[in-house]
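1. using only what follows, build the 3D model:
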Amino acid sequence: MNSVAAAPAIYMEDWAATYGPAVLVDPEAEVTADAELVEDGPDVLAFHDGVPDGGTRSFAFVDGVRRGEGALYLDGGGAFVSGVAGAHGVGAAVLEPGKPFRFERCEVTRMVIVGCGERVELPEVAGGYRWAAVSTPKTWPKAPLDELQNRMRVHEGRLAEELCADGHLTLVDGPLNFVRSHDLPVVGVTKTHHRRLLPLVHHARVGQLASGQRTSLFRLSERYSAYVRLAPRRLGSSPWAGIVRIEVPASTGLAAAALEADQAAGMLPRFAGVPHVDPRAPQNLQPTGALERHLRHLLGDAGLASRALRTAIAQLAGDDVGIRRRPEVARTPEGASR
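-> Residues are numbered from 1 along each chain as shown. All right, here's what the predicted structure looks like:
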C-alpha cells in the first residue's frame, strides 16, 4: 500500500500581501548573524512573560515617512546624473499617564539630492515650498533615493534619543542602526524578518511564543535582542504571525536590558495593530500607524508638491546659476564657465 504524504499546512496572515511577506527568511539559508544567547545560558532559549507597566510609564513612538516627489536628471556633458526631489516627515506619538494622546516634534523636510558629487539649489516657490540642496558622491542611480531614506532614519534616531533622555520609554520603528547613543535604552521594534538569526533548533521555537511573551535575550554586536509576540494567533495564521523583534543597546547592561525587554513585552500587545484599521496588523503598532497617517498629512498633497517642483525648475531654467557643477564653479545660461 502506497503511503500518501501529508499536505503541507497553509496559512493566511492579516499582514497584507501588498507589503510583501513579513517573514522573508530563506528556510535553507545558514545563520547569517553572530547571535549569542546571553540571558539564560549559551544554549537555552527560554520564554519570559512581559511585565505590564500598570499605567505609570510614559511612552514615545518614533517613526518617519518619506516620499519621492520628482525624479531628476542632470546633464553631465552627455552622461545623465540621477537625482531626486523628495520629502520626509519625522515625529513621535506620545502617551503619558493622565494626559491625552498627542503628536510631538513632527517636522517635514524637503530636499533635492543629486549623485556623483553634483549639487542643485532650487528657488523657493509660493506655498512655502523650499528644498535643501544635498549632494552624494555615490554614482548608482538609486543612491539619491537611498540618501533620502538614510536622512530620515538619522532624524528618527536623533529624536528617539531626545525623547528617551526625557524619561519616556521610547520605541523607534525598525532596528537601532541610526540611534547613535549607546547609553540610552531606546527600544527598536522590527516588524519584518529578513534572515535567520538563531540556530534552527531555537529559531523553530520562536513561533511557540504566547501573546505578551518574549524570548531570551541574544546579543547582536552592540545590541541585545529578543522576539516578542504582540497578539494571539488568529485561526489560520502562521506560527510567526504577530511576532516582532526588539533591540536595546548592550551598553545599558544585561540586567537593565532584560528589564526593558520585559516591560516592552508587557506593553506592546496593548498597542498591537488591528486588521480592519491597518493592513500591516498586528505588527504595525496603533500609535505608529496613527503617526504615519499624521506625517503623510503634513507632507501635503503629492500633486501640489510635484507642481511646485516643476515651477522651481522652470524658474531655475532662466537662471541656472543655482546649479553647482563643482563647489567653486557656476554656469551661465549658455553653459560657459565664468
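2. where does the stretch 51-200 of the chain dip in pLDDT?
-> 76-77 (pLDDT under 70).
3. in it, which spans are helices?
-> With DSSP state H, counting those that start in this stretch as the definition, the stretch 51-200 of the chain shows helices at residue ranges 143-165, 200-203.
4. nearest to residue 249, of those helices?
-> helix 143-165 (10.1 Å; CB to CB). For the C-beta atoms, the positions are set from N, CA and C on the backbone; glycine is no exception.
5. which residues are in contact with residue 270?
-> By CB atoms under 8 Å, 6 or more residues apart in numbering, no residues touch residue 270.
6. make that residue 253, sorry
-> Under the criterion of CB under 8 Å, 6+ apart, residue 253 has no contact partners.
7. quick check: which of the helices of the stretch 51-200 of the chain is buried the most?
-> Each of the helices of the stretch 51-200 of the chain was given a mean neighbour count from mean count of other CB atoms under 10 Å, and the largest, a mean of 20, is that of helix 143-165.
8. for that helix, packing partners?
-> In terms of contact count using 3 or more CB pairs under 8 Å, 6 or more residues apart in numbering; DSSP states H and E, helix 143-165 is assigned the packing partners strand 59-75, strand 80-95, strand 102-114, strand 169-173.
9. tell me what angle that helix forms with strand 169-173.
-> 170 degrees (axes from the mean of the first three to the mean of the last three CA atoms, to 10 degrees).
10. okay, helix 143-165 in CSV with CA atoms only?
-> In CSV, the C-alpha atoms belonging to helix 143-165 read as follows (Å, rounded to 0.1, in the frame of the first residue of the first chain):
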residue,chain,number,x,y,z
ALA,A,143,21.8,56.5,-4.5
PRO,A,144,19.8,59.8,-4.1
LEU,A,145,16.7,57.9,-3.0
ASP,A,146,18.7,55.9,-0.6
GLU,A,147,20.2,59.1,0.8
LEU,A,148,16.6,60.4,1.4
GLN,A,149,15.8,57.3,3.4
ASN,A,150,19.1,57.5,5.4
ARG,A,151,18.5,61.1,6.3
MET,A,152,15.0,60.3,7.5
ARG,A,153,16.4,57.4,9.7
VAL,A,154,19.1,59.7,11.1
HIS,A,155,16.4,62.2,12.1
GLU,A,156,14.4,59.4,13.7
GLY,A,157,17.4,58.3,15.7
ARG,A,158,18.2,61.8,17.0
LEU,A,159,14.5,62.3,18.0
ALA,A,160,14.4,59.0,19.8
GLU,A,161,17.5,59.8,21.8
GLU,A,162,16.0,63.2,22.9
LEU,A,163,12.7,61.6,24.0
CYS,A,164,14.4,58.7,25.8
ALA,A,165,16.6,61.3,27.7
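11. contacts made by stretch 125-143 with the rest, please.
-> In this structure, residues lying in contact with stretch 125-143 by CB under 8 Å, 6+ apart are 82, 85, 109-122, 124, 144, 146-147, 151, 304-305, 308-309, 311-312, 315, 324.
12. just the buried residues from those residues, in PyMOL please.
-> The PyMOL selection below is limited to those of these classed as buried (16 or more other CB atoms under 10 Å):
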select buried, resi 82+85+109+110+111+112+113+114+115+116+118+119+120+122+144+147+151+305+308+309+311+312+324
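13. sorry, back to before: distance to residue 20 added to the helices and strands packed on helix 143-165, as JSON lines?
-> Shown next, in JSON lines, are those (distance: least, CB to CB, whole Å):
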{"stretch": "strand 59-75", "distance to residue 20": "17"}
{"stretch": "strand 80-95", "distance to residue 20": "21"}
{"stretch": "strand 102-114", "distance to residue 20": "25"}
{"stretch": "strand 169-173", "distance to residue 20": "16"}
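14. quick one: which of these is nearest residue 14?
-> Taking CB to CB as the measure, the helices and strands packed on helix 143-165 were each checked against residue 14, and strand 169-173 came out nearest at 18.2 Å.
15. run the angle between that closest one and strand 80-95 for me.
-> Taking the same axes, to 10 degrees, strand 169-173 and strand 80-95 form an angle of 150 degrees between their directions.
16. give the pairing partners of strand 169-173; include direction for each.
-> Strand 169-173 has its sheet partners listed here by DSSP bridges as strand 59-75 (parallel), strand 187-190 (parallel).
17. residues near residue 46, how many?
-> If you count neighbours by other CB atoms under 10 Å, residue 46 ends up with 14.
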